[in-house]
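In: Sharing a sequence plus its predicted fold:
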Amino acid sequence: MNDLVRELSLTKSNAELLISRLKQWDLLDDSVRITSQRKRHRGFSVFYMFKDDLCYCHDIEGLFQAMGISCNPSEWRLFIDSSSRSLKAVLLHNTNKCPSIPLAHSVYMKEEYQNIKILMSALKYDHYNWEVIGDFKMVAFLMGLQGGYIKFQCYLCLWDSRNKAFHYKKRNWPLRTSYEIGTYNVKQQPLVDAAKILMPPLHIKLGLIKQFVKQLDTEGDAFKHIEEQFPKLSEAKIKAGVFVGPEVKRLINSINFPEMLSEVERRAWTSFVSVVNGFLGNHKAENYRELVDELVDAYWKMGCRMSLKLHVLHAHLDEFKDNMGDYSEEQGERFHQDIRSFEERYQGQYNENMMGDYIWNLLRESELTYRRQSRKNVSL
């Protein structure tokens, strides 16, 4: 019964209504209690506490034990990100075989250095020392860099983001040997070791498609095809190249799109698809270096500006994991969608009960799974 409630994503009140109706029809065992749904969160909410506008897990090892999952820091990565609603910290399992486990949540704290520092302290990061993944804006906070369009944006080297004449010509920039405050745009004390930062493949992929679309002719057939593919997106978003993962996949699977591109644009698009399929996903091609070099050269010929995402591909390939699909932040992005329904349920009461309820919904008490039966068309 609990698993059915989870599969249907029912709120506590709706779950009680369903159980009540099933009991009236004598379809449930007498041991099933209607009121059990009201306190379903209590087994896990005890591991969370609300303090200083932040709801966080104060006993991570206890939470893992209650969920029946091994708490080995080397098997998990910490994903920190913010949406329009809230700031979140989630543990993602390497190889993604376990569910995402939320550790912290706040709708009151903005995405800034001091708040990230409070969050890391609350989670006792120095004790667990997880690898960390997030977009490059979050990486800048974690490494104590200034925000905005700064000269030295890369946390690994002294890449001059304003020296555009050398962006495509120079690959080896001086590496950062220290993070001394007041030098090379370092504003605060770093919160994590640079070696613990993971490259975000989804964030890089979205950055690459953004640069590509911004160079397309807005009056051309290719741009109009994108508008037809995504009618719900505003023209401003399409011109800015702002897409999400599923939209990029849909565009990649479009058969007609490459035919609408010019020769230079088609080369850039083909190289982008090759890098996505042969490097930034679950499969790493043997010639991945050649694929990346072809992408960089094609983007140069197309006139794309070298962004930080393109720079890390150009200069820091050795910093990427062998299987980017196992270490992607895409699973964390899905968490944004999952937790949103709980935020709507609790209507401003974003506390320990909401987090406990979310954890309860992650578990399964039986091995039964539902599979939709395929139907054959029958002609009369």
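Out: It's in. Numbers count the residues shown, from 1 in each chain.
In: Show me which residues of the helix or strand bottoming out on mean pLDDT in the chain are buried.
Out: Ranked by mean pLDDT, DSSP states H and E, the weakest helix or strand in the chain is helix 330-346, scoring a mean of 81. For helix 330-346, burial by neighbour count (16 or more other Cβ atoms under 10 Å) applies to E330, Q331, G332, E333, F335, H336, D338, I339, F342, E343, Y346. C-beta here means a position set from N, CA and C on the backbone, and glycine is covered the same way.
In: how about the next helix or strand after it as PDB, C-alpha atoms only?
Out: Going down the chain from helix 330-346, the next helix or strand is helix 352-362, by DSSP states H and E. Taking C-alpha atoms only, helix 352-362 is exported to PDB below (Å, rounded to 0.1, in the frame of the first residue of the first chain):
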ATOM      1  CA  GLU A 352      12.000  19.000   8.700                       C
ATOM      2  CA  ASN A 353       8.600  17.500   7.900                       C
ATOM      3  CA  MET A 354       8.900  18.200   4.200                       C
ATOM      4  CA  MET A 355      12.400  16.700   4.000                       C
ATOM      5  CA  GLY A 356      11.300  13.600   5.900                       C
ATOM      6  CA  ASP A 357       8.300  13.200   3.700                       C
ATOM      7  CA  TYR A 358      10.500  13.400   0.600                       C
ATOM      8  CA  ILE A 359      12.900  10.800   2.000                       C
ATOM      9  CA  TRP A 360       9.900   8.500   2.700                       C
ATOM     10  CA  ASN A 361       8.800   8.700  -0.900                       C
ATOM     11  CA  LEU A 362      12.200   7.600  -2.100                       C
END
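In: what's helix 352-362 packed up against?
Out: The contact analysis (3 or more Cβ pairs under 8 Å, 6 or more residues apart in numbering; DSSP states H and E) places helix 352-362 against helix 42-45, strand 48-51, strand 54-57, helix 60-67, strand 101-106, helix 330-346.
In: can you dump the C-alpha coordinates of the least confident helix or strand of the chain into CSV?
Out: Presented in CSV, the C-alpha positions along helix 330-346 are these (Å, rounded to 0.1, in the frame of the first residue of the first chain):
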residue,chain,number,x,y,z
GLU,A,330,21.8,15.8,-14.5
GLN,A,331,20.4,13.7,-11.7
GLY,A,332,20.6,16.8,-9.4
GLU,A,333,18.8,18.8,-12.0
ARG,A,334,15.9,16.3,-11.9
PHE,A,335,15.8,16.8,-8.1
HIS,A,336,14.7,20.4,-8.7
GLN,A,337,11.6,19.1,-10.5
ASP,A,338,10.9,16.4,-7.8
ILE,A,339,11.2,18.7,-4.8
ARG,A,340,9.0,21.3,-6.4
SER,A,341,5.9,19.3,-5.9
PHE,A,342,6.8,19.0,-2.2
GLU,A,343,7.3,22.7,-2.0
GLU,A,344,3.8,23.3,-3.4
ARG,A,345,2.4,20.7,-0.9
TYR,A,346,3.8,22.4,2.2
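In: which helices and strands does it pack with?
Out: Going by 3+ Cβ pairs under 8 Å, 6+ apart, helix 330-346 lies up against strand 76-82, strand 87-93, strand 101-106, helix 201-214, helix 352-362.
In: Which among those is found nearest to C304?
Out: Closest approach to C304 among these (Cβ to Cβ): helix 201-214, 4.3 Å.
In: List the buried residues in the closest one.
Out: For helix 201-214, the neighbour count (16+ other Cβ under 10 Å) marks 201-213 as buried.
In: export that helix as CSV, just CAs?
Out: C-alpha atoms of helix 201-214 as CSV (Å, rounded to 0.1, in the frame of the first residue of the first chain):
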residue,chain,number,x,y,z
PRO,A,201,29.0,17.9,-18.3
LEU,A,202,25.3,19.0,-18.6
HIS,A,203,26.3,22.6,-17.8
ILE,A,204,29.0,22.5,-20.4
LYS,A,205,26.6,21.0,-23.0
LEU,A,206,24.1,23.7,-22.4
GLY,A,207,26.8,26.3,-22.7
LEU,A,208,28.0,24.9,-26.1
ILE,A,209,24.5,24.9,-27.5
LYS,A,210,24.0,28.4,-26.3
GLN,A,211,27.0,29.7,-28.2
PHE,A,212,26.0,27.8,-31.3
VAL,A,213,22.4,29.1,-31.4
LYS,A,214,23.5,32.7,-30.8
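In: tilt between that helix and helix 330-346?
Out: Going by axes from the mean of the first three to the mean of the last three Cα atoms, to 10 degrees, helix 201-214 is angled at 90 degrees with respect to helix 330-346.
In: relative orientation of helix 201-214 and strand 76-82 in degrees?
Out: Going by the same axes, to 10 degrees, helix 201-214 makes 40 degrees with strand 76-82.
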